[in-house]
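# the amino acid sequence is not available; the structure is as follows:
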């Protein structure tokens, strides 16, 4: 399993108690969806290593877990390591909701300017994420916010938007 086939679930943060339990930070919107999780890939020295565990408690985004077949010292050595799960385990989204990796390569059509290019990536800034759209060699950045996104056509691999007035002109010089 490679990182390209996975999504980052969170991180092993620190030891909990003295019996080898560890705290996992789950970087997800609904951590309760992962309450029965019993395994994940842990990134160790650039490699994804499968580990099995059981969740002893889940409070908010923090889970206290006991790793199977690891001594307390081996479990503590995982502190600071990132956790991953296969992309196939992501719940399917519908409508205008999407995962960032899902729309890379989609065509973007603005209701005023028409076809403005292809999504190269989504830049996840703290204030708000941005579509990085390439029209030839020109980069266009558009906020990924509900008022801008009008429709996501997964079959047609197209996102229909209504960009703020004048935004696309700034990039295209029109």
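Noted; the coordinates are in hand. Predicted, not measured: the structure shown is a model, and the values here were computed from it. Residues are numbered from 1 along each chain as shown.

# what's the longest strand in the protein?
Assignment by DSSP state E gives strand 47-59 as the longest strand of the chain.

# show me what it is packed against.
If contacts are counted by 3 or more C-beta pairs under 8 Å, 6 or more residues apart in numbering; DSSP states H and E, strand 47-59 sits against strand 39-44, strand 62-67. The way it works is simple: take the backbone N, C-alpha and C, and place the C-beta from them, glycine included.

# rebuild those strands as JSON lines, extending it with distance to residue 87, mean pLDDT and mean neighbour count.
Shown next, in JSON lines, are the helices and strands packed on strand 47-59 (distance: least, C-beta to C-beta, whole Å; pLDDT from 0 to 100; neighbours: other C-beta atoms under 10 Å):
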{"stretch": "strand 39-44", "distance to residue 87": "12", "mean pLDDT": "96", "mean neighbour count": "19"}
{"stretch": "strand 62-67", "distance to residue 87": "21", "mean pLDDT": "96", "mean neighbour count": "19"}
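
# distance to residue 4 added to those strands, as JSON lines?
Formatted as JSON lines, the helices and strands packed on strand 47-59 follow (distance: least, C-beta to C-beta, whole Å):
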{"stretch": "strand 39-44", "distance to residue 4": "12"}
{"stretch": "strand 62-67", "distance to residue 4": "25"}
